[in-house]
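Trainee: okay, structure incoming, though there's no sequence with it:
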Ligand SMILES: O=C(O)C(=O)C[C@]1(C(=O)O)C=C[C@@H](O)C=C1
């Protein structure tokens with residue numbers, strides 16, 4: 001079991017550190033936030049300075065998990081000793097891969113992204129169980145080091161997540177639609193509701209609460225996440241605007257929203273009823289076509305559910 005060093009101890013980093021420790025790993029962390037460092041130490045975790053944490057990772061051949069917001073990633077990369085095993089949990093993968101290539105090309109990097117969170121932030125909001133049952137994307141771009149791919153997969157599985165392999169570009173296009181666009185829409189919806197004045201807010205109930213929940217997240221984190229995926233998010237916003245425009249058009253002309261409501265209803269039921277992938281298959285991570293096979297598996301809704309050395313046990317639909 002590889003040791004784990006987490007840099008950034010907010011909601012996600014703090015949850016990774018707790019979950020890795022709960023899974024029996026040797027762990028330590030570092031954070032620029034004094035408040036998070038004090039709170040993590042008070043909870044019994046080993047928290048040291050960033051340079052000391054990274055040096056220890058090099059000495060112990062540990063996996064470093066960068067869990068800071070995108071604008072702070074470069075500073076962590078600049079402090080990396082040569083050749084460390086590296087992953088991250090940032091919500092956009094292409095820009096982090098580009099940064100690693102530019103600033104720390106010596107790192108043995110395989111990106112990751114756990115699809116879990118809450119609108120809370122900071123160490124205190126973290127939870128060892130946050131990733132249970134969640135998808136954790138592990139970047140399967142050509143050239144990925146199979147050994148580090150296995151390290152990141154093993155960590156994700158140890159937290160209770162399942163692994164969805166995807167290229168950085170596939171990941172960024174997908175999360176633009178299912179994570180970043182929802183944050184933009186929640187922000188817009190919250191403002192539209194608030195502008196309805198005190199009566200509207202006193203009537204706000206389930207639909208408004210559900211639709212605006214993530215607008216309660218820390219604005220600078222949401223901003224960094226959305227701006228970091230600008231290209232793919234613009235495409236998703238355009239798609240949403242087109243559908244909103246069509247909905248407005250049909251409401252204005254025929255008075256009927258039927259198509260929009262029915263398409264959305266069908267999409268929501270398909271999400272609720274999506275089949276659990278059940279067909280078992282294995283992928284040898286050291287085989288020359290492993291990354292292609294893994295990307296194909298992820299694109300078809302498959303997932304890696306266990307790891308046995310360098311053999312990934314997967315399920316497909
Ligand atoms: O559930 C939430 O509060 C989240 O915003 C989590 C959420 C998302 O679902 O969009 C947000 C960012 C991530 O990196 C992964 C997941």
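Mentor: Looks like it came in fine. Since the structure is predicted, the reported quantities are computational estimates derived from the model, not experimental observations.
Trainee: can you pull out the helices in the protein?
Mentor: For the chain, the helices defined by DSSP state H occupy 11-22, 34-42, 50-59, 70-78, 94-103, 146-158, 168-175, 181-194, 197-203, 206-212, 219-227, 230-253, 258-272, 290-299.
Trainee: show me what the residue positioned nearest the centre of the chain bridges to in the sheet.
Mentor: Geometric centre of the chain, nearest residue: residue 113, 3.2 Å, by Cα atoms, centre = their mean. Counting by DSSP bridges, residue 113 is bridged to residue 137.
Trainee: straight-line length of stretch 294-308, end to end?
Mentor: End-to-end distance for stretch 294-308: 16 Å, by Cα to Cα, to the nearest Å.
Trainee: residues of it that come out buried?
Mentor: Residues of stretch 294-308 classed as buried by neighbour count (16 or more other Cβ atoms under 10 Å): 294-295, 297-298, 302-304, 306-307. Any C-beta I mention is one placed from the backbone N, CA and C, and that applies to glycine too.
Trainee: those: which two are farthest apart?
Mentor: 295 and 306 (19.1 Å; Cβ to Cβ).
Trainee: give the buried residues for stretch 228-247.
Mentor: Result for stretch 228-247 [16+ other Cβ under 10 Å]: buried residues 228-229, 232-233, 236-237, 240, 247.
Trainee: just to revisit the earlier point, okay, the helices of the chain in JSON lines with distance to the ligand and mean pLDDT next?
Mentor: Formatted as JSON lines, the helices of the chain follow (distance: least, Cβ to the nearest ligand atom, whole Å; pLDDT from 0 to 100):
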{"stretch": "helix 11-22", "distance to the ligand": "7", "mean pLDDT": "98"}
{"stretch": "helix 34-42", "distance to the ligand": "18", "mean pLDDT": "98"}
{"stretch": "helix 50-59", "distance to the ligand": "22", "mean pLDDT": "98"}
{"stretch": "helix 70-78", "distance to the ligand": "11", "mean pLDDT": "97"}
{"stretch": "helix 94-103", "distance to the ligand": "12", "mean pLDDT": "97"}
{"stretch": "helix 146-158", "distance to the ligand": "13", "mean pLDDT": "97"}
{"stretch": "helix 168-175", "distance to the ligand": "7", "mean pLDDT": "98"}
{"stretch": "helix 181-194", "distance to the ligand": "6", "mean pLDDT": "98"}
{"stretch": "helix 197-203", "distance to the ligand": "22", "mean pLDDT": "97"}
{"stretch": "helix 206-212", "distance to the ligand": "12", "mean pLDDT": "98"}
{"stretch": "helix 219-227", "distance to the ligand": "6", "mean pLDDT": "95"}
{"stretch": "helix 230-253", "distance to the ligand": "12", "mean pLDDT": "97"}
{"stretch": "helix 258-272", "distance to the ligand": "13", "mean pLDDT": "96"}
{"stretch": "helix 290-299", "distance to the ligand": "16", "mean pLDDT": "97"}
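Trainee: just name the most buried of these.
Mentor: Compared across those, helix 11-22 shows the largest average neighbour count, a mean of 25 (mean count of other Cβ atoms under 10 Å).
Trainee: tell me which other helices or strands that one touches.
Mentor: strand 4-7, strand 27-30, helix 34-42, helix 146-158 (3 or more Cβ pairs under 8 Å, 6 or more residues apart in numbering; DSSP states H and E).
Trainee: can you put those in JSON lines and add distance to residue 53?
Mentor: Below are the helices and strands packed on helix 11-22 laid out as JSON lines (distance: least, Cβ to Cβ, whole Å):
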{"stretch": "strand 4-7", "distance to residue 53": "5"}
{"stretch": "strand 27-30", "distance to residue 53": "4"}
{"stretch": "helix 34-42", "distance to residue 53": "11"}
{"stretch": "helix 146-158", "distance to residue 53": "16"}
